[in-house]
Structure formats: structure tokens, C-alpha cells
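Student: how would this look folded up:
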Amino acid sequence: MAKTITVSATVHAPIAKVWEAWNKPEHIVQWAFASDDWEAPAAENDLKVGGRFKTTMAAKDKSAMFDLTGTYTAIREHELIEYTMDGEDARKVSTTFKQNGDTTDISTTFDMENENSVEMQRGGWQAILNNFKKHAESI
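Tutor: Numbers count the residues shown, from 1 in each chain. All right, here's what the predicted structure looks like:
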């Protein structure tokens, strides 16, 4: 069984707005990166079980670029998104959404990879989630 890491945030926005910002490509490109020197120049998302997604993440100085891709394995609107990332290790990711009055709690649990430290992985995923929170609260 893979070891997992969980990151979370509370977004000051209603769940319908949060769901849209999380899933629509025009929003994904605004938040899907971990630091200000990176960007997400392209995103595709077919949000259904068996559907695929692709988010391109790139260093703004053009020194690095990669595509994060995978296949959705479970979707419950406004509640849950699960997917398996492409690659040799086929890591699993699960994100839950819970409305809490005027806010939405988001929690993402993901299988660790073996290349980077726990701290680096947690920090990177939390930074992306923090970018999402900032974006969702600004629209």
C-alpha cells in the first residue's frame, strides 16, 4: 500500500463556484502551479469517470515543462474527485469538497512518489492548493 500525504484548505466561496474553478480549464490555467516562477499555459479536462485530464505546467523562464495527466476513477459532483495519474507508478489522488456555510473545505490525499522528500511533496501540493484558494476567492 502506498504512503499518502494530505493537504487541505478552506475556501471562502460557495461550493458551486469552487467546483467550477477547480474543473474548468479556463480556471485551471490560473492556479495549477506551485510558485510564481511557474505557470499552467494549457489545461484540458473531461470530468467524468473514465475521462482524462491534462495540465501543462511550465517554468516561466522556459527551463522546464511537463504535463500532468491522468484518468478519473470516481466523480460525485460537489463532493469527490478521484483519479489515477499516468506514469509507471500510477499514483492515486482523491479530493473531497465539503460546503461549510459560506465556505468550502477541500482536502486532497495523494500517493507519495519516491523521488522527492515528504516535505517537498506536501509543500508543492499545498502551494498549488493555496493558489487555487486565492483564485477561487477572487472570481
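Student: tell me which residues in the strand ranked longest in the chain are buried?
Tutor: As assigned by DSSP state E, the longest strand anywhere in the chain is strand 65-76. For strand 65-76, a neighbour-count test (16 or more other Cβ atoms under 10 Å) marks G70, Y72, I75 as buried. Every residue, glycine included, has its C-beta placed from N, CA and C.
Student: Repeat that for stretch 52-67.
Tutor: In stretch 52-67, counting by 16+ other Cβ under 10 Å, buried: F53, K54, T55, T56, M57, A58.
Student: same check, this time on stretch 16-32
Tutor: Neighbour-count burial for stretch 16-32, counted by 16+ other Cβ under 10 Å, picks out V18, W19, A21, W22, N23, P25, H27, I28, V29, Q30, W31, A32.
Student: how far out from the middle of the chain is it?
Tutor: With Cα atoms, centre = their mean, to the nearest Å as the basis, stretch 16-32 stands 10 Å off its chain's centre.
Student: Compute the first-to-last residue distance for that stretch.
Tutor: Terminal residues of stretch 16-32 lie 19 Å apart, using Cα to Cα, to the nearest Å.
Student: which residues sit against it?
Tutor: Contact with stretch 16-32 is made by 11, 13, 39-45, 47, 55, 57, 68, 77-78, 81, 95, 97, 104, 106, 128, 131-132, 134-136, 139, as judged by Cβ atoms under 8 Å, 6 or more residues apart in numbering.
Student: and that stretch, what's its mean pLDDT?
Tutor: Averaged over stretch 16-32, pLDDT sits at 98.
Student: now stretch 115-129
Tutor: When pLDDT is averaged over stretch 115-129, the result is 96.
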